[in-house]
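Enquirer: Starting from these lines, generate the structure:
(one chain, ligands or ions: 1)
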Amino acid sequence: NKDWEQQAADALKSVARRMDIKAYVEQSPLLYELLKKAALHVTGDSRKDGLEAGQRLTAKGYDIGENTVNTEECETATLELTALIDDLGGQGTSARVSFDLSHIGLLPEPELAYMNLVKLTERALGTELELFISMEESAKTEQILEVYKRAASRYPNIGITLQAHLYRTPDDLAALSASPGRIRIVKGAYQESAEVAISRSESLNERYLQLVRQALGDGHRVSVATHDERIIEEAIQRGLLTEHGAKLEMLYGIRPELGSRLKSAGYPVQIYLTYGHEWYLYLCHRIAEYPPNLYRAVANMAES
Ligand code: FDA
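Expert: Predicted coordinates:
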């Protein structure tokens with residue numbers, strides 16, 4: 001029953017947001033281990049888990065993107081990202097390292113996020129790595145774009161994620177025409193009000209495809225980051241995926257059969273891997289955006 005699924009997923013997400021889910025999960029080792037079995041989309045707690053999963057996928061011919069969800073404090077997160085850049089850079093891979101600016105200081109102070117971003121970007125210069133800024137809830141869009149634009153005007157190796165569901169995104173994209181970085185288009189994972197965003201629908205898919213075309217037209221390298229087959233097929237039909245620098249990106253553990261089919265058909269597919277202690281927040285996001293994941297999560301726990 002779709003209504004029930006959606007209600008349960010929305011409830012889970014709002015409970016996670018309101019109470020300190022971290023305190024609940026971490027005070028019970030049993031709950032921590034049990035729920036972790038449900039977190040299918042996370043490769044593990046540590047950087048080693050993320051790197052090992054990355055090596056397995058690279059051996060199968062996928063590109064990889066790494067992301068960490070440790071957010072305890074921004075200095076710790078910046079150090080973790082620095083170590084990830086060093087490890088991946090040392091392997092000579094052309095992976096992409098994604099992160100939230102909130103993790104590296106946006107909330108106390110956008111200037112701190114900028115300084116940390118500059119540190120990370122400089123660390124990655126001279127490697128094949130690209131850094132990628134994730135997009136967060138709409139209340140932070142303006143600040144994120146400001147920090148990104150400043151950094152992207154100095155460094156070529158940073159890209160940004162834009163959310164097709166926000167009404168403002170075509171204008172934001174137009175304002176990035178002077179920034180050379182890659183643009184990743186996603187539908188948008190955050191619940192937003194109808195004043196600022198459009199919900200999942202055919203028209204969202206059409207907006208998505210128009211943004212891909214707009215970004216390519218402005219000369220950006222573009223990542224089409226979705227598991228929606230209708231968008232992917234339409235992008236193929238419209239010739240968008242054969243344009244210079246276009247890539248498909250998918251989250252680890254979501255529709256792997258689709259990724260494998262597209263890779264076999266010759267399209268560049270990048271898998272976005274996540275590791276970190278705060279996997280439970282990531283799990284809540286993935287369930288809220290696709291409620292049938294509730295069943296999969298419960299089945300995983302039952303099997304453990
Ligand atoms: P949609 O949600 O409509 O799903 C299409 C189909 O894909 C579903 O019918 C189902 O079959 C499958 N599917 C989708 N989600 C699933 C799930 N969780 N489990 C199992 N199957 C699922 N968002 C954001 O706001 N800021 C960001 O920075 C990023 N970054 C990012 C990077 C990358 C590489 C990807 C792929 C995605 C993001 N996202 C994101 C998440 C994005 O906004 C969006 O929430 C998800 O990609 C799901 O949306 P789809 O486009 O897949 O479509």
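
Enquirer: Residues of the stretch 1-150 of the chain that sit close to the ligand?
Expert: Within the stretch 1-150 of the chain, the residues that sit near the ligand (C-beta under 6 Å from any ligand atom) are S134, M135. In this view, the C-beta of every residue, glycine as well, is placed from N, C-alpha and C.

Enquirer: so which residue of the stretch 1-150 of the chain comes closest to the ligand?
Expert: Among the residues of the stretch 1-150 of the chain, S134 lies closest to the ligand, at 3.1 Å counting by C-beta to the nearest ligand atom.

Enquirer: L241 falls within a helix, correct?
Expert: Yes. L241 forms part of a helix when assessed by DSSP: H, G, I helix; E, B strand; the rest coil.

Enquirer: residues touching the residue of the stretch 1-150 of the chain closest to the ligand, list them.
Expert: N67, S98, F99, D100, L101, T161 (C-beta atoms under 8 Å, 6 or more residues apart in numbering).

Enquirer: how about 7 Å then?
Expert: Neighbouring residues of S134 by C-beta atoms under 7 Å, 6 or more residues apart in numbering: S98, F99, D100, T161.

Enquirer: does the first one really touch G50, like I thought?
Expert: Spelled out, it's S98. No. The pair S98 / G50 is not scored as a contact, 11.4 Å apart, by C-beta atoms under 7 Å.

Enquirer: Mutual contacts of the two, please.
Expert: By C-beta under 7 Å, 6+ apart, no residue touches both S98 and G50.

Enquirer: More neighbours: which of these two?
Expert: With neighbours defined as other C-beta atoms under 10 Å, S98 and G50 compare such that G50 has more, 25 against 22.

Enquirer: Quick check: nearest residue in space to that one, chain neighbours excluded?
Expert: Y275 (3.5 Å; C-beta to C-beta, 6 or more residues apart in numbering).

Enquirer: likewise T43?
Expert: Nearest in space to T43, with sequence neighbours left out and distances taken as C-beta to C-beta, 6+ apart, is A53 at 4.0 Å.

Enquirer: count of neighbours near the one you found?
Expert: Neighbourhood size, A53 [other C-beta under 10 Å]: 21.
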